[in-house]
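Novice: okay, sequence plus prediction incoming.
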Amino acid sequence: MKRYVALAEEIADIIEKGTLRPGDRLPSVREASRAHRVSASTVFQAYYLLEARGLIVTRARSGYFVAQTIPRKPPTVDGASKPLEVSVEVDVSRHIDAILAASTQPDVVPFGSAFPNASLFPWSALGRTMASSVKRMEPRKTVEGLLGGNLELRRQIALRYGARDMRVDPSDIVIANGAMEALHLCLQAVARPGDAVVIESPSFYGALQALEMHGMRAIEAPTDPRTGIDLDALEHILKGQKPAACWLMTTFQNPLGGTMPDAKKRELVALLTHYRTALIEDDVYTELYFDERPPKPAKAFDSDGWVLHCSSFSKCLAPGYRIGWATAGRFAKDVARLKLRSSISASVPAEVTLAAYLAKGGYDRHLRHLRTFFAEQRDAMLLAIGRYFPQSTRATRPAGGYFLWVECDAHVDTLALHAQALKARISLAPGPIFSSRSEFRHCFRLNYGHRWTAVVEQAMQTLGRLLSSQRAPREVQRAPKAKIARI
């Protein structure tokens with residue numbers, strides 16, 4: 001996170017807690033620069049950002065003041081989910097496909113999309129790199145790296161693991177056609193049709209579709225929107241039901257956006273190692289962190305090879321290139337064998353291009369811009385929820401990625417909301433697509449990975465109006481306001 005964004009967050013927190021009240025004068029730029037030991041330019045940028053969010057105002061020749069009306073962020077979603085923790089057959093694909101197809105239409109505001117705005121990626125630099133790399137590529141090299149993937153790309157990925165204090169041998173990395181293929185390969189390496197697999201509740205719909213495709217059963221485990229899966233509940237499942245594997249997103253979980261603390265990830269790996277149960281770790285958003293340091297994946301605490309770590313460049317660099325990978329520990333040879341039997345290799349030109357791009361050193365600069373953009377978009381969306389949605393609405397506050405989870409009153413039907421929103425050319429991802437039992441009907445996921453425009457602002461206002469129009473049953477309407485839980 002850039003210094004001015006961090007400073008703006010610090011001041012915003014002070015305002016929201018009431019230490020700085022409406023009408024209070026902020027320190028001058030010079031005073032703030034001295035107090036926070038940053039440049040005057042950094043303070044100006046922080047104040048500009050706070051002004052854009054509506055938290056402060058400028059008065060000519062007087063300075064900066066806290067706004068009289070403070071934009072309200074929604075209260076946060078709290079408490080773990082409470083699934084039944086029994087294995088069930090999965091039959092969700094037709095329902096999910098029909099809903100997600102609406103997000104791809106070009107004239108629809110893509111709150112339900114799985115991808116951020118395509119204009120955010122360095123297409124020109126990638127295009128130039130591909131032109132020069134493919135032109136220099138020797139014919140024999142088009143088949144050299146078919147088994148496991150391009151050697152230089154695997155080396156570059158191993159270097160990125162190394163930057164996070166993880167030792168990974170390039171030969172243990174298997175390049176795949178995006179993270180989804182890597183995840184499917186890992187699932188096939190550790191489980192068979194009829195086996196049960198533990199997933200989060202709510203869970204990424206891609207995991208549900210994978211289990212359905214391979215004839216496996218799902219066990220949904222209680223999941224906290226801030227800290228991830230409940231380890232006590234997980235151990236109870238491991239003891240009693242002996243699942244073949246777990247499929248979890250421990251960092252910026254989709255759809256909740258939460259991240260398991262490093263200490264809890266260590267406990268998770270120790271627990272699964274004790275029960276000799278594989279963890280398929282879906283870690284595609286890990287590069288999109290907003291804090292100063294990146295969170296570690298569960299793989300960082302794996303010394304016995306029970307964690308199959310999957311990631312890709314699709315969410316943060318080149319969606320259309322479809323390049324992902326698996327670092328599969330003790331299952332690496334099985335995953336490589338399955339890859340060879342299924343699609344042999346990923347696109348060789350795409351692999352060569354990404355290897356060259358990573359070697360040039362522009363990737364981290366691109367990621368810094370992307371993280372700052374997503375952090376600002378998250379705040380803009382939370383403020384819009386506070387402005388336009390019913391006051392009882394709750395939302396998660398992710399520290400990375402580009403999704404947040406919205407929880408409405410129990411009477412709200414987000415499948416109906418989805419249908420109503422589509423008529424207004426707005427998409428969203430309703431809660432039931434994130435559950436094997438179609439639960440979370442009063443919840444939905446929003447994508448904040450698109451540029452904030454007047455059209456986006458209007459779309460949030462429309463969603464708020466549609467939510468307000470869904471009336472509660474009469475007995476709920478007559479209930480006293482004191483019974484509505486608030487954080």
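Specialist: Received the coordinates, thanks.

Novice: I'd like the next helix or strand past the longest strand seen in the chain.
Specialist: Criterion DSSP state E: the longest strand present in the chain is strand 217-224. Later in the chain than strand 217-224, the nearest helix or strand by DSSP states H and E is strand 228-229.

Novice: end-to-end on stretch 225-237?
Specialist: 20 Å (C-alpha to C-alpha, to the nearest Å).

Novice: what residues sit buried inside it?
Specialist: 225, 226, 228, 229, 230, 231, 233, 234, 237 (16 or more other C-beta atoms under 10 Å). The way it works is simple: take the backbone N, C-alpha and C, and place the C-beta from them, glycine included.

Novice: cool, and stretch 22-42?
Specialist: 26, 27, 29, 32, 33, 36, 38, 42.

Novice: next one: stretch 417-437
Specialist: 417-418, 420-422, 426-436.

Novice: pLDDT weak spots in the chain?
Specialist: 1, 140-146, 473-487 (pLDDT under 70).

Novice: remind me, longest helix of it?
Specialist: Assignment by DSSP state H gives helix 363-388 as the longest helix of the chain.

Novice: elements contacting that helix?
Specialist: helix 3-16, strand 403-407, helix 454-469 (3 or more C-beta pairs under 8 Å, 6 or more residues apart in numbering; DSSP states H and E).

Novice: for those, state which one has the densest average packing.
Specialist: Counting by mean count of other C-beta atoms under 10 Å, strand 403-407 has the highest mean neighbour count of these, with a mean of 25.

Novice: what about the strands in the stretch 201-350 of the chain?
Specialist: 217-224, 228-229, 245-248, 278-282, 307-312, 323-327 (DSSP state E, counting those that start in this stretch).

Novice: which stretch among those comes nearest residue 126?
Specialist: Of all those, strand 323-327 sits nearest to residue 126, with 11.3 Å by C-beta to C-beta.

Novice: okay, and which of the buried residues of stretch 22-42 map to helices?
Specialist: Short answer: the buried residues of stretch 22-42 in helices (DSSP H) are 29, 32, 33, 36, 42.

Novice: the nearest residue to residue 249 once chain neighbours are set aside bridge partners, please.
Specialist: What sits nearest to residue 249 in space, not counting adjacent residues and going by C-beta to C-beta, 6 or more residues apart in numbering, is residue 282, at 4.7 Å. Under DSSP bridges, the beta-bridge partners of residue 282 are residue 310.

Novice: what do you get for residue 57?
Specialist: residue 65.

Novice: what does residue 327 give?
Specialist: Under the criterion used (DSSP bridges), residue 327 bridges to residue 173, residue 309.

Novice: who touches it in this structure?
Specialist: 161, 168, 172, 173, 174, 299, 308, 309, 310 (C-beta atoms under 8 Å, 6 or more residues apart in numbering).

Novice: and of the helices and strands packed on helix 363-388, who's closest to residue 76?
Specialist: Nearest of the helices and strands packed on helix 363-388 (C-beta to C-beta): strand 403-407, 9.4 Å.

Novice: and the very next helix or strand once past the closest one, what does it pack against?
Specialist: Of the helices and strands lying after strand 403-407 in sequence (DSSP H and E), the nearest is helix 414-423. Applying 3+ C-beta pairs under 8 Å, 6+ apart, we find helix 414-423 packed against strand 429-430, strand 443-447, helix 454-469.

Novice: rewinding a little: of all pairs in the buried residues of stretch 417-437, which one is the farthest apart?
Specialist: Largest pairwise distance in the buried residues of stretch 417-437, by C-beta to C-beta, is 26.8 Å, between 426 and 436.

Novice: so residue 107 is in contact with residue 427, correct?
Specialist: No: contact criterion C-beta atoms under 8 Å: residue 107 and residue 427 do not qualify, at 10.7 Å.

Novice: tally of neighbours for residue 307?
Specialist: Residues near residue 307, counting by other C-beta atoms under 10 Å, number 31.

Novice: tell me who's in contact with it.
Specialist: 269, 272, 278, 279, 281, 297, 298, 299, 329.

Novice: how about the nearest residue to the last one, chain neighbours excluded?
Specialist: It refers to residue 329. For residue 329, the spatially nearest residue (C-beta to C-beta, 6+ apart) is residue 305, at 3.1 Å.

Novice: and if you look at the second one?
Specialist: Of all residues beyond its chain neighbours, the one nearest residue 272 is residue 279 (5.2 Å), with distances taken as C-beta to C-beta, 6+ apart.

Novice: how about the contacts made by residue 431?
Specialist: 202, 414, 439, 440, 441, 442, 443, 444, 445.

Novice: if any of those are buried, put those into a ChimeraX selection.
Specialist: Typed into ChimeraX, the line below selects the buried ones among the contacts of residue 431, using 16+ other C-beta under 10 Å:
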select :202,414,439,440,441,442,443,444,445
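
Novice: which one of the contacts of residue 431 sits closest to residue 407?
Specialist: The closest of these, once distances to residue 407 are taken by C-beta to C-beta, is residue 443, at 5.0 Å.

Novice: give the bridge partners for the closest one, please.
Specialist: Applying DSSP bridges, one finds that residue 443 bridges with residue 407.

Novice: show me the contacts for it.
Specialist: 202, 405, 406, 407, 408, 414, 430, 431.

Novice: rerun at 10 Å
Specialist: By C-beta atoms under 10 Å, 6 or more residues apart in numbering, the contact list for residue 443 reads 77, 81, 202, 255-256, 394-395, 405-408, 412, 414, 429-432, 434-435.

Novice: also residue 432?
Specialist: 92, 95-96, 99, 202, 205, 413-415, 418, 438-444.

Novice: one more: residue 103?
Specialist: Here residue 103 is in contact with 109, 110, 111, 112, 113, 114, 115, 422, 427, 428, 429, 447 (C-beta under 10 Å, 6+ apart).

Novice: can I get these in a markdown table including distance to residue 401?
Specialist: Below are those laid out as a markdown table (distance: C-beta to C-beta, whole Å):
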| residue | distance to residue 401 |
| --- | --- |
| 109 | 19 |
| 110 | 16 |
| 111 | 15 |
| 112 | 15 |
| 113 | 13 |
| 114 | 12 |
| 115 | 12 |
| 422 | 24 |
| 427 | 18 |
| 428 | 17 |
| 429 | 14 |
| 447 | 10 |
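
Novice: greatest separation within those: which pair is it?
Specialist: Applying C-beta to C-beta across those, the maximum distance is between 115 and 422, 18.5 Å.

Novice: circling back: of the contacts of residue 327, which is the nearest to residue 215?
Specialist: The closest of the contacts of residue 327, once distances to residue 215 are taken by C-beta to C-beta, is residue 308, at 19.6 Å.

Novice: picking that back up, ok, so of the contacts of residue 327, who is nearest residue 287?
Specialist: With C-beta to C-beta as the yardstick, the closest approach to residue 287 among those comes from residue 161, at 12.1 Å.

Novice: what are the contacting residues of stretch 458-466?
Specialist: Contacts for stretch 458-466 (C-beta under 10 Å, 6+ apart): 108-111, 380-381, 383-390, 393, 406, 412, 416-418, 420-421, 423-428, 444, 446, 452-453.

Novice: CA atoms only: put that stretch into CSV for me.
Specialist: Only the C-alpha atoms of stretch 458-466 are listed here, as CSV (Å, rounded to 0.1, in the frame of the first residue of the first chain):
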residue,chain,number,x,y,z
GLN,A,458,-25.8,5.0,-10.1
ALA,A,459,-25.7,1.2,-10.2
MET,A,460,-25.0,1.0,-6.5
GLN,A,461,-27.9,3.5,-5.8
THR,A,462,-30.2,1.3,-7.9
LEU,A,463,-29.2,-1.8,-6.0
GLY,A,464,-29.9,0.0,-2.7
ARG,A,465,-33.3,1.0,-4.0
LEU,A,466,-34.1,-2.6,-5.1
